[in-house]
Structure formats: C-alpha cells, structure tokens
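Build me a model from this:
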Amino acid sequence: MLVVNRLIPMSVVDGPGNRFAIFLQGCNFNCLYCHNPETIGRCVQCGHCVDLCPAGALSRTEAGRVAWDESLCIDCDRCVAACPHGASPKLKYMETEALLKEIDDARPFIQGITVSGGECTLQAEALIPLFEGVHARGLTALLDSNGGIDFSRGTIQKLIEISDGVMLDIKAWDAAEHVALTGRDNAVVKANLAYLASIDKLLEVRLVLLEGRDHEKTIRGIADILGEKIQNVAIKLIDYRPFGVRANNAAHLAGVGRKEKEQLIHCAEDLGFRAVIDI
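Just a heads-up that it's a prediction; the model follows:
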C-alpha cells in the first residue's frame, strides 16, 4: 500500500512528455526551501487541524483518529498551513490496483508516470508492483528523488533497475552547506549520482538556485563524477520561488539574479551536459 499525498493525472513539468504524477507522503530531508513541506512528515493524529476546516471535511473518529472526507473538501489547505508537524490529513492509502485504475483513466493522454514526494524511495517495496503494472500497460515509470538512501542495495536497487530513469535533486555539493539546507549529509547523494550514471539510469539532475550558495562548485562537482556520462544527462537549473515555502524560511531566502544564472548556464553548457534547462 502506498501513502499518497496527491495525484496529478496530467503534468508537463514532472519529466518528459505528459505524465501522471504521484506525490508520496514522507521525506528524509527537511529542506529549507521545500515548496511542499506538507509531504515531509506523517500525521500524528493531534487533531489541531480539525476545528480549522471551514467545510467540515475533517473530523475525529471514535478511535480518536483524524478522518478526511474528500467529498466535502474545498482544497483551501488551511489544515496543511496550520499543521505543526509538516504533514497533511488529506492522505490516500492506495493499493496497487486502485492506483493503476486511476492511471488507466489517464492512459490515452500520457507517456508514463513520475513518482515524487516527499521522497518516493522510502516506499520502494510498494512501488515495485506499481512499476511492473505500468510497464505492462506500455508506459514508462520515472522516479524523482533526493538520493538520500543508498540506491545500490536491497529493495531500492530493484526499484531503480526496473525504473526507466531517475531525476535526481542535488541540493548542494559542500557537505556543511548540504546539512544546513536539508539537515542531512550528502555523501550518499554523491554515491548515488555515480551509481545511477554507471547503470545509465540518470535522466537529469536538478539544482534550485539560492542566493549565496556556490552553485558553480555544485555543477562542476556533478560533472566530475559523471565524466563521459555527462553527455547522457540533462541538468535543470531552477529559479527559487517562495510559493509553498514555510513562511519563517521564505523570509530569509532569495534566488540568484539573472546575470548569475546565465553564467551558471554557460558553465554547464561548457562542461558538456546533454541539455541545460532553464526553469
């Protein structure tokens, strides 16, 4: 069973072509600039959100758990904004067949699915039968990951092998900077970058451009690890946007200027990436 935060039946920003995007709940990073921080934690049933719902879509069960009635929900997201645990009460617990049925409804209009989060590889075991079902339908299955768990062993290795590729977020190259941004070290991210390139599963790397960070060091570090494989990998340079970012963090964050971004684009082009995508 997968714990799903939301489904987007048709998306053109979550991988190549028109894709069915699945956002899973739960993340092992706590990025300062996360634009969907409600996907980080799991609901602890505190009930803080229940009385805040203007539509009456949230209630307490007899067992004391928070219940969400999707038919009443108006998607105002007051519950999400108020959650003190970085979670959401609006979750779906979906078996493989139920999710495949949703995908079937969109199948005439999509090239495949992309699973994101949160961090999708935290639910690797449940994703394997989903990916097998997606492939049986002639669709592709991609992962959008922070690379924070070792991809080269166990269940996650099997998931990586049956996927059609990974879009890997690189937060920072310097270890201390990465810890400051995410709360976690990045040694395993670098190892996963090399591993994905070695098995030709790295579709693209993504970098959000924050003011005051050494992005050129990050781009060159990625290039050094990729070596000749760089010609198979796209890099996406993404403007920082405050939309969805927690207010206490957004107040202290800013993006880079256009001149700096153009310098980074030229740097990536000179290093030989397959494509440099300006977002």
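
Shouldn't Gly138 be within a helix?
No. Remark: Gly138 does not belong to a helix; assigned using DSSP: H, G, I helix; E, B strand; the rest coil, it is coil.

give me the number of residues near it?
Gly138 has 9 neighbouring residues, counting by other C-beta atoms under 10 Å. From N, CA and C alone the C-beta is placed, and that goes for glycine too.

helix or strand for Ala55, which one?
Secondary structure assignment for Ala55, by DSSP states H and E: no helix or strand.

any idea how far Gly183 is from the nearest residue to Glu119 once chain neighbours are set aside?
Take Glu119 and drop its neighbours on the chain: the residue closest to it by C-beta to C-beta, 6 or more residues apart in numbering is Cys27, 4.5 Å away. Remark: distance between Cys27 and Gly183 (C-beta to C-beta, to the nearest Å) = 10 Å.

And these two? Which one has more around it.
Just comparing Cys27 and Gly183: by other C-beta under 10 Å the higher neighbour count belongs to Cys27, 22 against 12.

which SSE is the more buried one in?
Here Cys27 is assigned to no helix or strand, by DSSP H and E.

Do I have it right that it meets Ile40?
Yes. If you go by C-beta atoms under 8 Å, Cys27 and Ile40 touch, sitting 4.5 Å apart.

can you list residues touching both of the two?
Here Cys27 and Ile40 share the contacting residues 34, 118, scored by C-beta atoms under 8 Å, 6 or more residues apart in numbering.

residues in contact with Ile279?
Applying C-beta under 8 Å, 6+ apart to Ile279 gives the contacts 236-239.

Over to Gln123?
Going by C-beta under 8 Å, 6+ apart, Gln123 touches 2-3, 24, 26.

at 6 Å instead, please
2, 24 (C-beta atoms under 6 Å, 6 or more residues apart in numbering).

ok, the residue nearest to Glu119 to Asn5 distance?
10 Å.

And the residue nearest to Glu119, what's its pLDDT?
pLDDT, Cys27: 95.

From what I see, it and Gly41 are in contact.
No. Using C-beta atoms under 6 Å, Cys27 is not in contact with Gly41, being 8.1 Å away.

how about stretch 18-32: buried residues?
By neighbour count with 16 or more other C-beta atoms under 10 Å, stretch 18-32 contains the buried residues 19-29, 31-32.

wait, stretch 159-169
With burial defined by 16+ other C-beta under 10 Å, the residues of stretch 159-169 counted as buried are 159-160, 163-169.

for stretch 58-77, same thing?
By neighbour count on 16+ other C-beta under 10 Å, the buried set for stretch 58-77 is 58, 66, 68, 73.

Now for the residue nearest to Glu119: which residues touch it?
Residues in contact with Cys27 (C-beta under 6 Å, 6+ apart) are 40, 117-119.

Kindly report the same for Val66.
45, 47, 89.

Likewise for Phe131?
Counting by C-beta under 6 Å, 6+ apart, Phe131 makes contact with 141, 162.

one more time with 10 Å, if that's ok
With contact set as C-beta atoms under 10 Å, 6 or more residues apart in numbering, Phe131 has these partners: 96, 113, 115, 139-143, 158-159, 162-164.

so where does it fall, helix or strand?
Following DSSP H and E, one finds Phe131 within helix 124-136.

Next, the buried residues of that helix.
Neighbour counts using 16+ other C-beta under 10 Å place 124, 126-128, 130-131, 133-134 of helix 124-136 among the buried residues.

ok, back up a step: among the buried residues of stretch 159-169, which ones are in helices?
Counting by DSSP state H, the part of these found in helices is 159-160.

ok, the buried residues of stretch 159-169 vs Val179, which is closest?
Here the nearest of the buried residues of stretch 159-169 to Val179, counting by C-beta to C-beta, is Asp169; it sits at 15.5 Å.
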